[in-house]
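>>> All I have is the shape, not the residue letters:
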């Protein structure tokens, strides 16, 4: 069974299921809606999307939900929580708007384009005492749950090196991803956020030492971050524990497959690795290493994509409010800022 990646907070029980609204119901939004509906823990009462056709398609999953026009319309219905899957530039402002109305938030990554934006959302959640979660879904793969458990046990000794990779052969298909003002950055903001989060979350959020990064666009060093975004990046993060984290991410890399995704942890008493299978975006295997020997820990299939959303919905239904673990989102954003040199 997958261990839920949560910290316990004060909770209160309620007989009524929380009422949820969805803001943005493209492919990801609809997939998260399916996962949340699958818990049976909440009731979907409102759907908003700029495309009437997209909203209507999502409405087939929740036929009793009202199709509305905006976040204001969702909040006016007195919802308990909102799921936000809109362009990145809107995440922080929309999350704060909901939280200030006393509404819990589940937001797509990144929560903000900068650490300052992320911190403002976390501060709003703390003030409102409302549950805030971000769709950092790779935490919820069976493989990463096993890896974190083993590292927590101390069986690997001191973890002194971490290597993380996320290469996407295609890149985003929406123009706003390539506008730094709207996206906050390129492949680091889109994919690197998962890598930084996995490293810090798995190692129980140690302090950050130095951070260095190198960004490329079209095969050349990125020259103007105000007008273009990076499509390849490498970075090194030194933790206060002495651990060195190296990461690489890209869009449209000539890699010979759809994706290369891995997270490998090297300790003094062994190693652990999560790797995608045959270039898949969805299928992963986890292995444990001793010298030249290896043990398989997990294999596909593993329906992990909606678990972060389902976890948020279940915790909301249990009455959970602000979780101090949300403050770790700021640490991740600060690392990204430093990779970008800001």
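Thanks, I have it. Since this is a predicted model, take the numbers as computed values, not measurements.

>>> what mean pLDDT does stretch 269-276 have?
With pLDDT averaged residue by residue, stretch 269-276 scores 98.

>>> Buried ones in that stretch, by neighbour count?
With burial defined by 16 or more other Cβ atoms under 10 Å, the residues of stretch 269-276 counted as buried are 270, 271, 272, 273, 274, 275, 276. (C-beta placed from N, C-alpha, C; glycine too.)

>>> Same list, the residues you listed, but as JSON lines with distance to residue 197 please.
Converted to JSON lines, the buried residues of stretch 269-276 look like this (distance: Cβ to Cβ, whole Å):
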{"residue": "270", "distance to residue 197": "23"}
{"residue": "271", "distance to residue 197": "20"}
{"residue": "272", "distance to residue 197": "17"}
{"residue": "273", "distance to residue 197": "17"}
{"residue": "274", "distance to residue 197": "13"}
{"residue": "275", "distance to residue 197": "18"}
{"residue": "276", "distance to residue 197": "17"}
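
>>> Can you list the residue ranges for helices in the protein?
Taking DSSP state H to define them, one finds helices in the chain at 27-39, 52-59, 71-76, 88-100, 115-128, 142-153, 180-183, 187, 193-202, 307-317, 328-339.

>>> if we can go back for a sec, let me know the closest of the buried residues of stretch 269-276 to residue 31.
Nearest to residue 31 among the buried residues of stretch 269-276, counting by Cβ to Cβ, is residue 276 at 18.4 Å.

>>> With the flanking residues excluded, which residue is spatially nearest to that closest one?
Counting by Cβ to Cβ, 6 or more residues apart in numbering, residue 276 lies nearest to residue 261, which is 4.2 Å off, once chain neighbours are set aside.

>>> partner residues bridging the one you found?
With DSSP bridges as the criterion, residue 261 is bridged to residue 166.

>>> Surely it and residue 281 touch.
Yes - if you go by Cβ atoms under 8 Å, residue 261 and residue 281 touch, sitting 7.4 Å apart.

>>> who has more neighbours, the two?
Here residue 261 and residue 281 are compared on neighbour count by other Cβ atoms under 10 Å; more neighbours surround residue 261, at 24 against 14.

>>> what's that one in contact with, if anything?
The neighbourhood of residue 261, defined by Cβ atoms under 8 Å, 6 or more residues apart in numbering, consists of 165, 166, 167, 274, 275, 276, 281, 284.

>>> Report how many residues lie close to the first one.
So the one you mean is residue 165. When neighbours are counted by other Cβ under 10 Å, residue 165 comes out with 21.

>>> wait, doesn't it sit right on residue 262?
Yes - using Cβ under 8 Å, residue 165 is in contact with residue 262, at 4.9 Å.

>>> can you give me the strands in the stretch 101-250 of the chain?
Assignment of strands within the stretch 101-250 of the chain using DSSP state E, counting those that start in this stretch yields the ranges 104-107, 132-134, 159-168, 208-217, 220-221, 232-239, 244-251.

>>> Contacts for the fifth one, please.
So that's strand 220-221. Under the criterion Cβ under 8 Å, 6+ apart, residues 214, 215 lie in contact with strand 220-221.

>>> What of the last one?
Residues from elsewhere that reach strand 244-251, judged by Cβ under 8 Å, 6+ apart: 160-168, 170-172, 186-188, 190-192, 195-196, 199, 231-239.

>>> buried subset of these?
162-168, 171, 186-188, 190-192, 195-196, 199, 231-235, 237, 239.

>>> Could you tell me the model confidence score at residue 17?
Per-residue confidence for residue 17 comes out at a pLDDT of 96.

>>> do the one 10 residues further on as well
At residue 27 the predicted local distance difference test score is 95.

>>> State the phi and psi torsions of the residue minimising distance to the centre of the chain.
For the chain, the residue lying nearest the average C-alpha position, counting by Cα atoms, centre = their mean, turns out to be residue 136 (2.0 Å). For residue 136, the backbone dihedrals (degrees, to the nearest 10) come out as phi -90, psi 70.

>>> For the remainder of this discussion, apply numbering that starts at 48.
That works, and once the first residue is 48, the last one we named lands at residue 183.

>>> So for stretch 126-139, mean pLDDT?
Mean per-residue pLDDT for stretch 126-139: 98.

>>> let me redo that: stretch 225-234
For stretch 225-234, the per-residue pLDDT values average out at 97.
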